[in-house]
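Peer 1: Predicted model follows, preceded by the sequence.
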Amino acid sequence: MKGLFLTLEGIDGAGKSSHIDALEALFKAQGRQVTRTREPGGTPIAETLRTMILTQPMDPLTESLLVFAARRDHIVRVIEPALARGEVVLCDRFTDATFAYQGAGRGFDAAVLSTLEQWVQGRPDDGALLQPDITLWFDLSPELAAERLAGARLPDKFESQPVEFFRRVAAGYAQRAAAAATRFVRIDAGQSRDQVWQQIEAALAARGLMGSR
Ligand code: TMP
């Protein structure tokens with residue numbers, strides 16, 4: 001069976017993480033093996049880098065290099081082997097987050113990010129990029145996301161950014177979605193949890209990923 005690489009994206013507070021359990025259960029019910037992971041993170045090295053990235057102030061190039069270093073280790077050790085075994089890889093964030101946060105949010109040069117993406121995700125033989133098969137983009141207004149985040153837990157470096165930062169990040173996601181319209185599924189994350197799940201099911205069904213039910 002062919003592997004499936006599914007990512008979840010959106011600004012902090014958009015609610016993507018609360019649907020990962022259900023996604024895992026859905027694919028397991030179809031008899032599929034599921035590797036559940038996240039970025040930055042997913043390996044011991046990448047989790048160490050995650051702590052640095054989320055806690056230390058740094059310039060945007062340093063941040064981008066660390067994010068892509070973490071990604072490289074994650075791809076080589078976890079994502080590619082799981083896909084080669086035919087598994088479903090459920091990954092909480094991937095490179096779209098780098099273009100949205102470091103690129104649009106922090107204003108870092110998207111051309112440099114594209115070069116790093118090519119180095120880290122390019123196949124050695126033909127340069128084809130490893131990309132998710134499907135990206136669920138939880139789209140929520142930055143104001144609503146801030147309300148949801150308020151008081152939830154101690155905010156990390158990004159979560160404590162002002163709402164203007166998240167307006168830029170949200171615009172970055174919208175731009176990525178427009179450029180990869182067949183890969184991206186926009187989920188209206190302002191709806192109730194049940195309605196959000198229904199949108200996810202509908203998107204998977206439209207791609208023949210709901211099994212034979
Ligand atoms: P999480 O809280 O959804 O696990 O995401 C961790 C934070 O890291 C989130 O604020 C977004 C940020 N991030 C980046 O800035 N660049 C990236 O490439 C990734 C994957 C995450």
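Peer 2: Received, thanks.
Peer 1: A strand includes Pro124, no?
Peer 2: No. The assignment for Pro124 (DSSP: H, G, I helix; E, B strand; the rest coil) gives coil, which keeps it out of a strand.
Peer 1: Which pLDDT value does the model give it?
Peer 2: Pro124 carries a pLDDT score of 88 in this model.
Peer 1: can you check Pro44 too?
Peer 2: Reading off the per-residue confidence, Pro44 sits at a pLDDT of 98.
Peer 1: in stretch 85-96, what counts as buried?
Peer 2: Within stretch 85-96, the residues that qualify as buried are 87-96, counting by 16 or more other Cβ atoms under 10 Å. The C-beta positions use only the backbone N, C-alpha and C, and glycine is treated the same way.
Peer 1: Contacts (any at all) between the ligand and that stretch?
Peer 2: Yes. With Cβ under 6 Å from any ligand atom as the criterion, the ligand is reached by stretch 85-96 at 92-93.
Peer 1: okay, how far is it across that stretch, tip to tip?
Peer 2: 25 Å (Cα to Cα, to the nearest Å).
Peer 1: same check, this time on stretch 146-164
Peer 2: Distance between the boundary residues of stretch 146-164 (Cα to Cα) amounts to 11 Å.
Peer 1: buried sites along it?
Peer 2: So, applying 16+ other Cβ under 10 Å, buried residues of stretch 146-164: 146, 149, 158-159, 161.
Peer 1: from the residues you listed, which are also near the ligand?
Peer 2: Within the set of the buried residues of stretch 146-164, contact with the ligand (Cβ under 6 Å from any ligand atom) is found for Phe158.
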